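Undergrad: no sequence on hand, only this structure:
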């Protein structure tokens, strides 16, 4: 297995559209890194440059210390699983998996044996003789994964391989991808626009926006401590409360005064963005006599999400979402006056004037 | 899915079928007529026993096979490349494919002579032998194969074009490349097998064009099957009709064989991409 290094990758398309701005990323040997971002953020372009299907305008790609920027895709030893169903329609699952080995002139017997081992690995040992049109979408993507792994690639590239599948299969297959990746210890780049997918299977996530990495870090850090307003917005649901620092840990917002330990370091008068997850917001019944420094609002709507119910409250015109266990959601009916608590500790604050 | 036809549809269907069948049936009946107002198969025995029948028919088939080979080898990689790498050229290709249809055959012949060389291609300093296809497998004249390849171009290209549109060319090519295959391997192992119905379709159309082409062959004084039918007609109407019926049955026979080969039981469907199999 090998370390993959992207250094100063820039891609400018005809017409002056810049898809990537000097992207630097090192994927450690055996590491699983997701490129996460909305459409057009450059994540697929970056992957295609690594695969060799696009050439960077400048910058380098190296694997295991060897510069492969100018190497054609068929000489890169990278396994790739595509978003679209990419199995060769004229070949059986076994022959699809064995294709890369056939190109490498491996004898048929060895090739078939290896193909069947890999089909077994992805749980499709019984489907070896079937043609792609006889397989479901999820099965086709499993075969595609087996095919990419058959050549024992240095790097595995996954280009939104789950996006065409239905929810249940998607969940199952993503767990399987992670299990196989860990078992084989293969360096992997996974491109996705689905933050839940990225959070659940990655060692690290690179959040891309407008051709730049906004934040690179482990899933818990991306989720818990978003570095930029974009990351906060894109990953998970986030309450965004804008306000002005009073210099001593208080943030004066439209809804009222928030007291946050993380705001202490910001000078008075700075514009701050307070980011708080719905699951961190606490709701309780409002006292009949308001206590100074408390946020009191009214329940505007409830959305049942299964185990939790998302309650939308409006505090003096400011919308704040809170997740409460569904078993107690009835305590906060629409129209009820509630006390909204933003935790004093651990709440993320970004300086908008920085 | 079974749909019900209204009376108007039945009438249209009946008229359509009649339009095609009546001349055929009339030709078949006429081909069996004798001078004494009877019917027999003497016209058939006469033409089948004629040396000209066999030589012209085999000449036509050899021409067809050569044209199919040349146009497939030229067009498959071209169409593939245009679709994959130069999609902006597709309108130009579409326009170019119409040219052989709009330029009159007599003008085409004037151009084919110097291009493909009545005396052999000038660049090779050929001296006449190429006109008869001497020294070429099957003695097929390059002049005529070249001309027919141009005539078949619109049909072959259009057939490949629709075949290429039906497959995810870019993904299949990239998948093949990422697995280590170069362009030629990708073309032979992935693209051609998935284009098989389109290639066969183009081949069939080429066959039909070559078997039926008269003007160019006649002007250049070759005697393929079409020219032979015409020359027989100058001496015997019933023999000409019998040749027409034979040509028709042959063409149909080949088409049915092809249909069976591409779609029939045990045929090519196994490999073809199917919709809705998720």
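TA: Sure, I can see it. Since the model is a prediction, treat every value here as computed from it, not as a measurement. Numbering: from 1, shown residues only, chains lettered A, B, ... in the order given.
Undergrad: burial count for the closest residue to residue B:155 other than its chain neighbours?
TA: Spatially, and ignoring its direct neighbours in sequence, residue B:155 is nearest to residue B:205 (4.0 Å; Cβ to Cβ, 6 or more residues apart in numbering or on different chains). C-beta here means a position set from N, CA and C on the backbone, and glycine is covered the same way. Residue B:205 has 18 neighbouring residues, counting by other Cβ atoms under 10 Å in any protein chain shown.
Undergrad: immediately after the helix or strand containing residue B:205, which helix or strand?
TA: Here residue B:205 is covered by helix B:196-212, with elements defined by DSSP states H and E. Scanning forward in sequence from helix B:196-212 by DSSP H and E, the next helix or strand is helix B:215-219.
Undergrad: and the closest residue to residue A:142 other than its chain neighbours, what's its pLDDT?
TA: Leaving aside its sequence neighbours, residue A:142 sits nearest to residue A:122 (Cβ to Cβ, 6+ apart; 4.1 Å). Looking at residue A:122, its pLDDT reads 87.
Undergrad: from what I see, residue A:122 and residue A:144 are in contact.
TA: No - using Cβ atoms under 8 Å as the test, residue A:122 is too far from residue A:144 to be in contact (9.3 Å).
Undergrad: the two: which is more packed in?
TA: More crowded of residue A:122 and residue A:144, by other Cβ under 10 Å: residue A:144, with 26 against 23.
Undergrad: verify the stated contact: the more buried one with residue A:88.
TA: No - the criterion here is Cβ under 8 Å, and residue A:144 misses it with residue A:88 at 10.3 Å.
Undergrad: joint contacts of those two?
TA: Common contacts of residue A:144 and residue A:88 (Cβ atoms under 8 Å, 6 or more residues apart in numbering or on different chains): A:96, B:175.
Undergrad: next, count neighbours for residue A:288.
TA: Residue A:288: 6 neighbours (other Cβ under 10 Å).
Undergrad: likewise for residue A:129?
TA: 10.
Undergrad: and the residue nearest the centre of chain B, what is it in contact with?
TA: Centroid-nearest residue in chain B, with Cα atoms, centre = their mean: residue B:206, separated by 1.5 Å. Shown in contact with residue B:206 (Cβ under 8 Å, 6+ apart): B:64, B:67, B:68, B:71, B:148, B:152, B:155, B:156.
Undergrad: the last one - nearest residue in space that isn't next to it in sequence?
TA: Taking Cβ to Cβ, 6+ apart, and ignoring the residues beside it in sequence, residue B:156 has residue B:202 as its nearest neighbour in space, at 4.0 Å.
Undergrad: with the fifth one instead?
TA: Taking Cβ to Cβ, 6+ apart as the measure, residue B:148 lies nearest to residue B:67, with 4.3 Å between them; neighbours along the chain are not counted.
Undergrad: residue B:79: which element?
TA: Using DSSP H and E, residue B:79 sits within helix B:51-85.
Undergrad: tell me what angle that helix forms with helix B:196-212.
TA: 140 degrees (axes from the mean of the first three to the mean of the last three Cα atoms, to 10 degrees).
Undergrad: helix B:51-85 - contacts with which helices or strands?
TA: helix B:90-102, helix B:142-165, helix B:169-178, helix B:196-212, helix B:225-233 (3 or more Cβ pairs under 8 Å, 6 or more residues apart in numbering or on different chains; DSSP states H and E).
Undergrad: which of those sits closest to residue A:235?
TA: Closest approach to residue A:235 among these (Cβ to Cβ): helix B:169-178, 29.0 Å.
Undergrad: do that closest one and chain A meet at all?
TA: Yes - residues of helix B:169-178 contacting chain A under Cβ under 8 Å from any Cβ of the partner chain: B:171, B:172, B:174, B:175, B:176, B:177, B:178.
Undergrad: within range of chain B, give me the residues from the stretch 151-300 of chain A.
TA: By Cβ under 8 Å from any Cβ, the residues of the stretch 151-300 of chain A that approach chain B are A:151, A:157.
Undergrad: strands of the stretch 151-300 of chain A, residue ranges please.
TA: Here the stretch 151-300 of chain A has its strands, by DSSP state E, counting those that start in this stretch, at A:155-159, A:187-192, A:204-209, A:212-217, A:239-245, A:250-253, A:256-259, A:271-276, A:282-285, A:295-304.
Undergrad: given the next helix or strand after the last one, what are its sheet partners and their directions?
TA: Reading on from strand A:295-304 to the C-terminus, the next helix or strand found by DSSP H and E is strand A:308-315. Strand partners for strand A:308-315, identified by DSSP bridges, are recorded as strand A:295-304 (antiparallel), strand A:318-325 (antiparallel).
Undergrad: angle of the last one against strand A:271-276?
TA: What separates the directions of strand A:318-325 and strand A:271-276 is an angle of 20 degrees, with the same axes, to 10 degrees.
Undergrad: next SSE after strand A:318-325?
TA: Following strand A:318-325 in sequence, per DSSP H and E, is strand A:337-341.
Undergrad: for that following strand, buried residues please.
TA: Buried residues in strand A:337-341, counting neighbours by 16 or more other Cβ atoms under 10 Å in any protein chain shown, are found at A:338, A:339, A:340.
Undergrad: what does the helix or strand following that strand contact?
TA: Remark: after strand A:337-341, the chain's next helix or strand is strand A:348-351, criterion DSSP H and E. Outside strand A:348-351, the residues that touch it by Cβ under 8 Å, 6+ apart are A:224-226, A:228-229, A:232, A:251, A:260, A:262-263, A:266, A:270-276.
Undergrad: what number of residues are in the vicinity of residue 20?
TA: Reading this off chain A. A count of nearby residues for residue A:20, using other Cβ under 10 Å, gives 27.
Undergrad: chain B is the one I meant
TA: By the criterion of other Cβ under 10 Å, residue B:20 has 9 neighbours.
Undergrad: any idea which helix or strand carries it?
TA: Using DSSP H and E, residue B:20 sits within helix B:7-31.
Undergrad: quick one: buried residues of that helix?
TA: For helix B:7-31, burial by neighbour count (16+ other Cβ under 10 Å) applies to B:27, B:30, B:31.
Undergrad: of those, closest to residue A:256?
TA: Of all the buried residues of helix B:7-31, residue B:27 has the smallest distance to residue A:256: 96.5 Å, by Cβ to Cβ.
Undergrad: just checking, the closest one touches residue B:243?
TA: No - with contact defined as Cβ under 8 Å, residue B:27 does not reach residue B:243; the gap is 10.0 Å.
Undergrad: Serialize the contacts of residue B:206 to a markdown table and add fields for neighbour count.
TA: A markdown table is the format used below for the contacts of residue B:206 (neighbours: other Cβ atoms under 10 Å in any protein chain shown):
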| residue | neighbour count |
| --- | --- |
| B:64 | 26 |
| B:67 | 27 |
| B:68 | 24 |
| B:71 | 25 |
| B:148 | 26 |
| B:152 | 28 |
| B:155 | 21 |
| B:156 | 29 |
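Undergrad: quick check, nearest of those to residue A:16?
TA: Nearest to residue A:16 out of these is residue B:156 (Cβ to Cβ; 39.7 Å).
Undergrad: quick one: that closest one and residue B:70 touch, right?
TA: No - in this structure, residue B:156 is not within contact of residue B:70 by Cβ under 8 Å, at 10.1 Å.
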